[in-house]
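**Student:** Return a 3D structure for these sequence lines:
(one chain, ligands or ions: 1)
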Amino acid sequence: MAEMLRSRNIGVTMLVREKEFWSNVLPLHEAKLISRHIRSHHVSLKLETELKEIQSDGNGKVKSVITSNNEVIDCEFAGITTGVIPNVEFLKSSAIEINKGVLVDEFLQTNIPDVYAIGDCVERKYDLPGRRKIEQVWYTGRMMGEVLAQTICDEKTKYEPGPWFNSAKFFDIEYQTYGTIGNQLKENEQEFYWEHPSGVKCVHLVWDKSSNEFHGINSFGIRMRHEVFDKWLRQRMSIQFVVENLHEANFDPEFFIRHEKEIVNKMAAQFPMLHIKALPVFK
Ligand SMILES: Cc1cc2nc3c(=O)[nH]c(=O)nc-3n(C[C@H](O)[C@H](O)[C@H](O)COP(=O)(O)OP(=O)(O)OC[C@H]3O[C@@H](n4cnc5c(N)ncnc54)[C@H](O)[C@@H]3O)c2cc1C
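**Tutor:** The predicted model follows:
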């Protein structure tokens, strides 16, 4: 919404409850990078600030908002984007079992035979490693659709989404995430963060400290290949393997400046115990 309004040169103030933009999901480095980028697009980003009140102009239109810091911000439009909740109210009086979402089994079937649910409204009844029970992204909706289509066509198929992945775009910065990389490092995890001096590209890798198994990657401003990371995650490859083969995951090396050498060599220097082969740098 902010991006669309800015594209029409309309002033935007964005209130964010967290310390940095989306820091409830992104590690702090990445959240800071995106916060900076949002500000570079002349959005007045107010962190650790919540909406307290919307004030009317007396004619049914918004006049201003009051923030949790008691700041009054004059405005002509207020957009509220506080998250996604499955809209399952209308099912409460039905026999379909619901919790936060519509409860489904591994075939995406509800408690009523031949009644299925897919997409944002779904809550899985069962656990899948590294995955949440409600996953409201386009990719999961598409995968569920593909799986259910097979079941409907007499090819009963389980929903097995594999390793988590997602992508998005924040103004000019593309974001991709593969595997599990939370906003906080877990006790058994180690991390490596690389940021380009431009401050608009970064790569963040997480792996298991004792086994060196690769857990996940966040990539901003560098487009990576989904199928490559999906294979490495399914095959439980080591962090050494992933870093040494990072060039294979580069989505469009022909069109963008490549940074594998800087990334690999910085990581090799920072983690000598991993014995990562440094790449030759030609001047
Ligand atoms: C601002 C925004 C940005 C997003 N960015 C990304 C992103 O970068 N990457 C990503 O993967 N995902 C993103 N998503 C999420 C993605 O859009 C959703 O996960 C996806 O659209 C869900 O598809 P769906 O078919 O389950 O639901 P929807 O697309 O919401 O479709 C549900 C449809 O059901 C209709 N409906 C609702 N109730 C009823 C009823 N009672 N009777 C009949 N019809 C009804 C609705 O009108 C709607 O048309 C974003 C979502 C938003 C809002």
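**Student:** how near is the closest residue to residue 66 other than its chain neighbours to residue 43?
**Tutor:** Excluding the flanking residues, the one nearest residue 66 by C-beta to C-beta, 6 or more residues apart in numbering is residue 53, at 4.2 Å. Just so you know, the C-beta spots here come from the backbone N, C-alpha and C atoms, and that holds for glycine as well. Using C-beta to C-beta, to the nearest Å, residue 53 is found at 22 Å from residue 43.
**Student:** Kindly report the same for residue 200.
**Tutor:** Distance, residue 200 to residue 43, using C-beta to C-beta: 15 Å.
**Student:** So these two - more neighbours on which side?
**Tutor:** Regarding residue 200 and residue 43, a neighbour count based on other C-beta atoms under 10 Å identifies residue 43 as having more, with 20 against 17.
**Student:** so what pLDDT did the closest residue to the more buried one other than its chain neighbours get?
**Tutor:** Counting by C-beta to C-beta, 6+ apart, residue 43 lies nearest to residue 12, which is 4.8 Å off, once chain neighbours are set aside. On pLDDT, residue 12 comes in at 98.
**Student:** Could you count how many residues lie near residue 12?
**Tutor:** With other C-beta under 10 Å as criterion, residue 12 counts 19.
**Student:** residues touching it, list them.
**Tutor:** Contact analysis of residue 12 by C-beta atoms under 8 Å, 6 or more residues apart in numbering lists 2, 5, 6, 43, 44.
**Student:** Those: which two are farthest apart?
**Tutor:** By the measure C-beta to C-beta, 5 and 44 form the most distant pair in the contacts of residue 12, at 11.9 Å.
**Student:** Tell me the spacing between the residue lying closest to residue 30 once chain neighbours are set aside and residue 275.
**Tutor:** Spatially, and ignoring its direct neighbours in sequence, residue 30 is nearest to residue 218 (5.7 Å; C-beta to C-beta, 6+ apart). Using C-beta to C-beta, residue 218 is found at 24 Å from residue 275.
**Student:** of these two, who's got more company?
**Tutor:** Neighbour count, other C-beta under 10 Å: between residue 218 and residue 275, residue 218 has more, with 21 against 9.
**Student:** For the more buried one, give its distance to the ligand.
**Tutor:** Using C-beta to the nearest ligand atom, to the nearest Å, residue 218 is found at 14 Å from the ligand.
**Student:** and that residue, what does it touch?
**Tutor:** 26, 27, 30, 175, 176, 177, 181, 202, 203, 204.
**Student:** Check the secondary structure at it for me.
**Tutor:** Of the three states, residue 218 takes strand under DSSP: H, G, I helix; E, B strand; the rest coil.
**Student:** who does it bridge with?
**Tutor:** residue 177, residue 204 (DSSP bridges).
**Student:** Now the terminal residues of stretch 245-257, how far apart.
**Tutor:** This stretch, stretch 245-257, spans 17 Å end to end (C-alpha to C-alpha, to the nearest Å).
**Student:** And the average pLDDT for that stretch is what?
**Tutor:** Per-residue scores along stretch 245-257 average to 88.
**Student:** And the contacts of that stretch?
**Tutor:** Taking C-beta under 8 Å, 6+ apart as the rule, stretch 245-257 contacts 222, 223, 224, 225, 228, 229, 232, 258, 260, 263, 264.
**Student:** Taking the residues you listed, tell me the two that lie furthest apart.
**Tutor:** 232 and 258 (18.9 Å).
**Student:** between these two, who's got more neighbours?
**Tutor:** Ranked by neighbour count (other C-beta under 10 Å), residue 232 and residue 258 place residue 232 first, with 21 against 13.
**Student:** For that one, which three-state class applies?
**Tutor:** The three-state assignment at residue 232 reads helix, by three-state DSSP.
**Student:** Not including adjacent chain positions, what is the nearest residue to the residue in the stretch 151-283 of the chain that the ligand sits nearest to?
**Tutor:** Residue nearest to the ligand within the stretch 151-283 of the chain: residue 168 (3.4 Å; C-beta to the nearest ligand atom). Once flanking residues are discounted, residue 168 sits nearest to residue 175: 5.0 Å by C-beta to C-beta, 6+ apart.
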